[in-house]
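# Make a model of this:
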Amino acid sequence: IQGTLSRSSSIKYISPIDHITSNFPLPSIRQKDAYYYTIELLKLFDPDVVDVRIDVDDDTNKRVMFIENKRNGFIPLSSYGDGTKKVVLFASTIASMDGGILLIDEFESSIHTKAMDNVFKFLIEVCQRNHIQLFLTTHSQEALDKIIQCCQGRSNLLKIIMLDNDSDRTYARVIDGQKAFNLRFRNNAELR
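Presented below is the predicted three-dimensional model:
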């Protein structure tokens with residue numbers, strides 16, 4: 001997704017396993033964007049989410065995120081699945097950026113296929129709003145299809161870069177969003 005960059009732009013990288021480690025930064029609830037993005041993304045997984053808070057765990061003396069939903073009250077983030085943890089990581093990372101470059105490797109990993117559309121739309125919209133240039137990597141045709149569909153009508157935002165090698169060299173082929181849509185959904189071409 002294209003955005004505006006300045007010389008002082010920050011670059012953040014999210015690996016396919018960062019959401020599993022307990023070291024990722026929890027969003028500061030005092031930071032309005034982090035709180036809003038976290039709630040918005042969590043509601044994509046569970047519409048009954050009401051609130052989030054960060055508190056100190058009495059046993060470990062570490063900061064822990066709790067998610068409140070209408071049915072079960074406050075539950076620690078550690079009790080949720082990897083998809084929920086990953087969207088919290090997305091929210092906290094995006095909220096800590098204003099402009100810059102965000103690299104998400106294997107962005108679809110841990111995101112259930114039913115949630116992909118909404119999560120990807122959220123990523124695209126929030127990155128565009130915050131002037132973040134978003135680079136996503138995937139080997140999944142399904143995930144790529146969902147990104148292409150999410151950008152339909154805004155295909156000028158999307159560039160697909162396919163890497164290939166020819167014996168001793170690697171080259172890149174760049175396809176814009178509209179051409180990618182036509183190739184995939186009109187010609188059934190594979191774009192991986």
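# CA atoms for contacts and neighbours, from now on please.
Will do.
# Can you give me the neighbour number for Asp58?
For Asp58, the neighbour count with other C-alpha atoms under 10 Å is 9.
# Ile11 too?
13.
# Glu108 too?
Other residues close to Glu108 by other C-alpha under 10 Å number 24.
# just to confirm, which helix or strand has it in it?
Assigning secondary structure by DSSP states H and E places Glu108 outside every helix and strand.
# contacting residues around it?
116, 138, 143 (C-alpha atoms under 8 Å, 6 or more residues apart in numbering).
# do you know how far Leu136 is from Tyr37?
Distance of Leu136 to Tyr37, computed by C-alpha to C-alpha, to the nearest Å: 19 Å.
# what residues does stretch 152-164 touch?
So stretch 152-164 is contacted by 1-2, 148, 151, 170-178, 180-181, 191-192 (C-alpha under 8 Å, 6+ apart).
# and the end-to-end length of it?
26 Å.
# residue boundaries of the helices in the protein?
32-45, 82-95, 113-129, 141-150, 177-185 (DSSP state H).
# in the helix or strand of the chain with the lowest mean pLDDT, what counts as buried?
The helix or strand of the chain with the poorest confidence is helix 32-45; it has a mean of 84 (mean pLDDT, DSSP states H and E). Buried positions in helix 32-45, judged by neighbour count with 16 or more other C-alpha atoms under 10 Å: 33-45.
# just to revisit the earlier point, ok, so of the contacts of Glu108, who is nearest Asn187?
Closest approach to Asn187 among those (C-alpha to C-alpha): Ala143, at 17.9 Å.
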